[in-house]
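> Quick one, structure for this:
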Amino acid sequence: MSKKRKDDSDSEDEEIDIKQHKVIFLGDGAVGKTSLILRFVQNRFDPDHKYKQTIGLDFFMKQQQLNKTKQAVLQCWDIGGQTIGQKMIKSYLRGAHAILFVYDITNPSSFKNLKQWKIFVDEVFKASDSQPILALVGNKVDIEYQREVSEEKHNKFAKKHNMNRYFTSALTGQNVAPMMLRVACQLSGVKVTSTQLETDSSAPAVAAIHRFGEPVESSPDVEQLALSSSSSPSSLPSSSSAQSALPYSKGTWKDADLRAAMIDSLKDKKDAKKKKKKNLDQTEKKNEAKSKEDSHIEKTEEQQKSEKCIIL
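Alright, predicted model coming up:
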């Protein structure tokens, strides 16, 4: 998609090229995928935030100015760590332009499990003409003293699978903005400059955030839009400006894979809620049964004591 703006200096129309790119964040739970995306999109990290496992898929967007004539809208797909092995992983991965394999440098198993994530990616793209850009991201370098995955192993894995290599900290923000800028520039065919890397290039960008299944202030009910069979790209709300880059804008919803993934994710979340309620109900029933059993035992003991007293 593209937008034209008028240049005040020469009063000529200058075309701004705006491209959307689907960027997948893969990896085990608790490695910091969501925190990395929030650091990139909002430049924030909540140290008091209690860890909340991503169920299925969460979706974030951010628009970046790459140079005078090019902008990139990064669709950041936050795949839940428990998704590995599920059928829906294929619909999530399909059509990805870049895939970031994220692990926790203090957790060796999160690094080891990347092999399985890579197998899923290979299966999805083995017959595809266009291959996504791959990157290996070692997160939580703010606690380097607890590192259990060496840089040597990191570099060896990245080289073997032809991946770009990054070390980040969602907590401090270290290398997050430069990493995402490199990804955006590589996908857009733009040469990244040292000046851009030294500054926070994402500062003027506009971000639109939506976690599927959760309400969005002043926005249409995206869950209803996703599940409504009558909804079509032409009937969905459109963005009046490319700067809005909303996840439910016409430009984004033309992606059938996104729509399918959203529906799958919403079903995942609902199933998870049902499962949680079922577990709570079962626990409640077990506690109630145990309480009755304890009460029965007490009564039986009292009766036995009473009988002994009578005999005596």
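
> elements contacting the strand ranked longest in the chain?
Using DSSP state E to define each element, the chain has its longest strand at strand 13-26. In terms of contacts (3 or more CB pairs under 8 Å, 6 or more residues apart in numbering; DSSP states H and E), strand 13-26 is packed against strand 2-6, helix 33-42, strand 70-79, strand 98-104, helix 176-188. Any C-beta I mention is one placed from the backbone N, CA and C, and that applies to glycine too.

> how does it look with 6 Å?
Applying 3 or more CB pairs under 6 Å, 6 or more residues apart in numbering; DSSP states H and E, one finds that strand 13-26 contacts strand 2-6, strand 70-79, strand 98-104.

> Distance to residue 157 for these - can I get that in JSON lines?
Formatted as JSON lines, those follow (distance: least, CB to CB, whole Å):
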{"stretch": "strand 2-6", "distance to residue 157": "38"}
{"stretch": "strand 70-79", "distance to residue 157": "19"}
{"stretch": "strand 98-104", "distance to residue 157": "9"}
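
> Sheet partners, orientation included, of the longest strand of the chain?
strand 2-6 (antiparallel), strand 70-79 (parallel), strand 98-104 (parallel) (DSSP bridges).

> So residue 197, which state does it fall into?
At residue 197 the chain is in helix, as set by DSSP: H, G, I helix; E, B strand; the rest coil.

> Return the residues in contact with it.
Counting by CB atoms under 6 Å, 6 or more residues apart in numbering, residue 197 makes contact with residue 178.

> do you know how far it is from residue 179?
10 Å (CB to CB, to the nearest Å).

> and what of residue 81?
20 Å.

> Those two: who's more crowded?
Neighbours per residue, other CB atoms under 10 Å: of residue 81 and residue 179, the larger number sits with residue 179, 21 against 18.

> so who does that one touch?
residue 166.

> how close does it get to residue 190?
Relative to residue 190, residue 179 is positioned 15 Å away (CB to CB).

> Residue 36 too?
22 Å.

> Could you tell me which ranges of the stretch 101-250 of the chain sit under the pLDDT cut-off?
Scanning the stretch 101-250 of the chain for pLDDT under 70 picks out 199-250.

> do that again at 90, thanks
Low-confidence regions of the stretch 101-250 of the chain, defined by pLDDT under 90, span residues 120, 127-130, 191-250.

> show me where it has helices.
Using DSSP state H, counting those that start in this stretch, the helices assigned to the stretch 101-250 of the chain run over residues 108-112, 114-125, 151-160, 176-188, 194-198, 222-227, 250-253.

> The second one: which residues count as buried?
Okay, so that is helix 114-125. 114, 117-118, 120-121, 124-125 (16 or more other CB atoms under 10 Å).

> now the third one
Residues of helix 151-160 classed as buried by neighbour count (16+ other CB under 10 Å): 154, 157-158.
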